[in-house]
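Peer 1: Pasting the sequence and the predicted coordinates here, then a few questions.
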Amino acid sequence: MGTATTKNHTRVDIKRNDTVKVMTGRDAGKEGRVLRVFPDDAKVLVEHVMMVKKHVRPNPQRNVQGGIAEQESRIAISNVQLVCPTCGPVRIGHEVHGDRKVRVCKKCKTALDK
């Protein structure tokens, strides 16, 4: 008898391929592209941010060389801010344009979605 755990799905305003800036933590000030979003854990994977070393065992079948590899680690969504092309790091608002709901920069009111 396993216990069913329900996860709270947090609303995430950051999407894949967005440019974000890290506001706090050891990589504060760095900017990067979002590679993946984990809404259940409220975390994102950002390119060249939160790099960690991982020990990799060699696997000749997959043509993987062993050693110590560097890879990105997940970072909390609360520690990053979306970068507006005109303003820089901003908070995100929502507006309805026609039949679509788009993300909007809170400073200059430009639509962030294409």
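Peer 2: The structure has been received and is ready for your questions.

Peer 1: check contacts around the most centrally placed residue in the chain.
Peer 2: Central residue of the chain (C-alpha atoms, centre = their mean): Val44, 3.1 Å from the mean position. Going by C-beta atoms under 8 Å, 6 or more residues apart in numbering, Val44 touches 14, 20, 34, 36-38, 74-75, 77, 80. Every residue, glycine included, has its C-beta placed from N, CA and C.

Peer 1: and of those residues, the nearest to Asp113?
Peer 2: Ile14 (12.1 Å; C-beta to C-beta).

Peer 1: Can you list the low-confidence ranges for the protein?
Peer 2: Along the chain, the parts satisfying pLDDT under 70 run over 1-9.

Peer 1: Do a quick rundown of the strands in the protein.
Peer 2: Per DSSP state E, the chain carries strands over the ranges 19-22, 31-38, 43-46, 51-56, 67-72, 74-76, 80-84, 88-90, 92-97, 100-105.

Peer 1: Could you say which of the ones you listed is packed most deeply?
Peer 2: Ranked by mean neighbour count, the strands of the chain are led by strand 43-46 with a mean of 23 (mean count of other C-beta atoms under 10 Å).

Peer 1: That one pairs with which strands, parallel or anti?
Peer 2: strand 31-38 (antiparallel), strand 74-76 (antiparallel) (DSSP bridges).

Peer 1: Is it possible to get the ones you listed out as JSON lines so that each row also shows distance to Arg57?
Peer 2: Shown next, in JSON lines, are the strands paired with strand 43-46 (distance: least, C-beta to C-beta, whole Å):
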{"stretch": "strand 31-38", "distance to Arg57": "24"}
{"stretch": "strand 74-76", "distance to Arg57": "22"}
